[in-house]
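Visitor: generate coordinates for the sequence data below:
(one chain, ligands or ions: 1)
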Amino acid sequence: MRIVLVGPPGAGKGTQSIVLSDRLGVPHISTGELFRAHAERATDLGLAAKEYMDRGDLVPDEVTNEMVHRRLEEPDARAGFVLDGFPRTVAQADVLKSYLAEQGAELGAVLEFQVPEEVVLERLLARGRDDDTAEVIHNRFEVYRSETAPLLDYYADRLVPVDAVGTVDEVAARALKALQADE
Ligand code: ADP
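Guide: Numbers count the residues shown, from 1 in each chain. Next up, the predicted model:
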């Protein structure tokens, strides 16, 4: 099963990717998490990415795509994955399509986590990660609307909407049910 999670910053994609990965028996791959791990180890990639992340801008495609490509080639990701945070642009979606084509594979469902902006804003301010200041969050919302939201049309043929307001368990149950219904 190859699943992509799409939704605004703070929609709970990271949390749900872990739960879904566990239930579906495929690895979860989070680009934000991979970047933060690189930044903590102060690798070249991590230092380059951190500049963009701290502003709430997208990390350039050549950095992001290469990192995802390498991860998707690892054996555990061959049979499936839950992708959180990638693709975030239509250009990245085209790249993902070509990576999967190399493996003779195709994407399954794209889960869209739907949450009102005021709810995610509150969650993000409470979380308080480095990039969770009001100004940076505002920019991430802007980037989501202009760069990422077009993916909802791009993936219209496999889009599965999920109401993401609720507890972790409630949202996970809805996502799993929606995936089954979609099969
Ligand atoms: P959130 O969903 O709350 O915005 P993430 O952990 O998914 O948090 O992303 C944090 C930051 O990592 C983004 O603001 C961006 O700078 C960078 N990032 C993550 N995924 C991508 C991607 N696919 N392309 C470019 N930058 C990305």
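Visitor: how about the residue of the chain found nearest the ligand: what's its closest non-neighbour residue?
Guide: Of the chain, the residue with the smallest distance to the ligand, taken as C-beta to the nearest ligand atom, is Gly32 at 1.8 Å. C-beta coordinates here come from the backbone N, C-alpha and C atoms, glycine included. Spatial nearest neighbour of Gly32, chain neighbours left out: Gly85 (4.8 Å); criterion: C-beta to C-beta, 6 or more residues apart in numbering.
Visitor: who touches that neighbour in this structure?
Guide: By C-beta atoms under 8 Å, 6 or more residues apart in numbering, Gly85 lies in contact with 5, 13-14, 30-33.
Visitor: just the buried residues of the helix or strand hosting Asp153, please?
Guide: According to DSSP states H and E, Asp153 maps onto helix 151-154. By 16 or more other C-beta atoms under 10 Å, the buried positions in helix 151-154 come out as 151, 154.
Visitor: continuing past that helix, what's the next helix or strand?
Guide: strand 159-163.
Visitor: at the contact with the ligand, which residues of this protein appear?
Guide: With the criterion set to C-beta under 6 Å from any ligand atom, the chain comes near the ligand through 9-10, 13, 31-32, 35, 52-53, 56-59, 64, 85-86, 88, 92, 131, 140.
Visitor: if anything else comes up later, I'll come back, but that's it for now.
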